[in-house]
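Peer 1: okay, here's the prediction I keep looking at, along with the sequence it came from:
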Amino acid sequence: MPKFSRTQKFTKENIQQVPKDKAIIYKIKNINSDNLYTGIAGRGRVQDRLMEHKELKKEAIPGGTRFQFTQVKNKPRAEQVEKQIIKKEQPKFNKQEK
């Protein structure tokens, strides 16, 4: 399991600091650090994907105030780790059958 970054506030400024040269796996958390949603973003689309959860009504994660991320080599690896996290942590806003 890759090591995640420290938990940080889910702000536009912090999202812009996330490196975009590799795929990432991210967790959106609430004030109590409960994992609300785990997702992946492909290389070059990292910041856009995180902003979708922050701004768009359809994709927004209610109560998401913090986030963590980790970079991975490629999308197949990201998908594998994402499934493991969802199965283990069962985030509220993920479909559990993944």
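Peer 2: Okay, I see it. Not measured: the values here are computed from a predicted model. Numbers count the residues shown, from 1 in each chain.
Peer 1: the closest residue to residue 75 other than its chain neighbours and residue 43, how far apart?
Peer 2: Take residue 75 and drop its neighbours on the chain: the residue closest to it by C-beta to C-beta, 6 or more residues apart in numbering is residue 23, 5.2 Å away. Heads up, the C-betas are built off the backbone N, CA and C, glycines and all. Using C-beta to C-beta, to the nearest Å, residue 23 is found at 5 Å from residue 43.
Peer 1: neighbour count winner among the two?
Peer 2: Counted by other C-beta atoms under 10 Å, residue 23 and residue 43 do not tie: residue 23 has more neighbours, with 22 against 16.
Peer 1: in the chain, which spans are helices?
Peer 2: Remark: helices assigned in the chain by DSSP state H are 12-16, 46-55, 75-89.
Peer 1: which one, of the ones you listed, ends up nearest to residue 5?
Peer 2: Of all the helices of the chain, it is helix 12-16 that lies closest to residue 5, at 10.0 Å by C-beta to C-beta.
Peer 1: what sits up against the closest one?
Peer 2: 8, 47, 50, 51, 54, 67 (C-beta atoms under 8 Å, 6 or more residues apart in numbering).
Peer 1: got the CA coordinates for it in PDB?
Peer 2: In PDB, the C-alpha atoms belonging to helix 12-16 read as follows (Å, rounded to 0.1, in the frame of the first residue of the first chain):
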ATOM      1  CA  LYS A  12      -8.200  25.500  -3.900                       C
ATOM      2  CA  GLU A  13      -4.700  26.600  -2.800                       C
ATOM      3  CA  ASN A  14      -3.800  23.100  -1.500                       C
ATOM      4  CA  ILE A  15      -5.300  21.400  -4.500                       C
ATOM      5  CA  GLN A  16      -3.000  23.500  -6.800                       C
END
